[in-house]
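Student: Only the shape, not the letters, is given here:
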């Protein structure tokens, strides 16, 4: 059995963000439209990257004692070294999960 996870569309990303805000009891305007646009531009349709950008943006907003996540907060997250070295920003291929066993050169690893 194999499964391929295709990138999510920007509309699905916005829907995901709004559903998570609803679950947390926060208003949809917690993220500005510009911040959501920037998240969509950078994440490549990757749900994990979206989640990490949103959480990082919220942490930066808390550090600046504001209730709204703006592009400056997302930029602060993107300036962190692990985001700059990430392949997520380069548009890598979709993640593929398969049930096939890996073939190791060293027989002791199998």
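Tutor: Yes, it's here. Please read all numbers here as calculations on a predicted model, not as lab measurements.

Student: can you pull out the strands in the chain?
Tutor: Applying DSSP state E to the chain gives strands spanning 2-5, 95-98.

Student: mean pLDDT for those strands: which is lowest?
Tutor: Per-stretch mean pLDDT for those is lowest at strand 95-98 (a mean of 51).

Student: helices and strands of this protein: which one bottoms out on pLDDT?
Tutor: strand 95-98 (a mean of 51; mean pLDDT, DSSP states H and E).

Student: Quick one: low-confidence residue ranges for the chain.
Tutor: 1-3, 84-110 (pLDDT under 70).

Student: can you map out the helices along it?
Tutor: Remark: helices assigned in the chain by DSSP state H are 10-24, 33-43, 47-63, 71-78, 81-84.

Student: and of those, who's closest to residue 4?
Tutor: helix 47-63 (14.2 Å; C-beta to C-beta). For the C-beta atoms, the positions are set from N, CA and C on the backbone; glycine is no exception.

Student: so that closest one versus helix 33-43, what angle?
Tutor: 140 degrees (axes from the mean of the first three to the mean of the last three C-alpha atoms, to 10 degrees).

Student: count of residues packed around residue 78?
Tutor: Residue 78: 18 surrounding residues under other C-beta atoms under 10 Å.

Student: Start at 610, not 1
Tutor: That works, and once the first residue is 610, the last one we named lands at residue 687.

Student: For it, give its distance to residue 647.
Tutor: If you measure residue 687 against residue 647 using C-beta to C-beta, to the nearest Å, the figure is 8 Å.

Student: Also residue 614?
Tutor: According to C-beta to C-beta, residue 614 and residue 647 sit 23 Å apart.

Student: Give me the more crowded residue out of the two.
Tutor: residue 647 (21 against 12).

Student: Quick check: the more buried one touching residue 679?
Tutor: No: using C-beta atoms under 8 Å, residue 647 is not in contact with residue 679; the gap is 9.3 Å.

Student: Residue 643 reaches residue 681, doesn't it?
Tutor: No: using C-beta under 8 Å as the test, residue 643 is too far from residue 681 to be in contact (9.8 Å).
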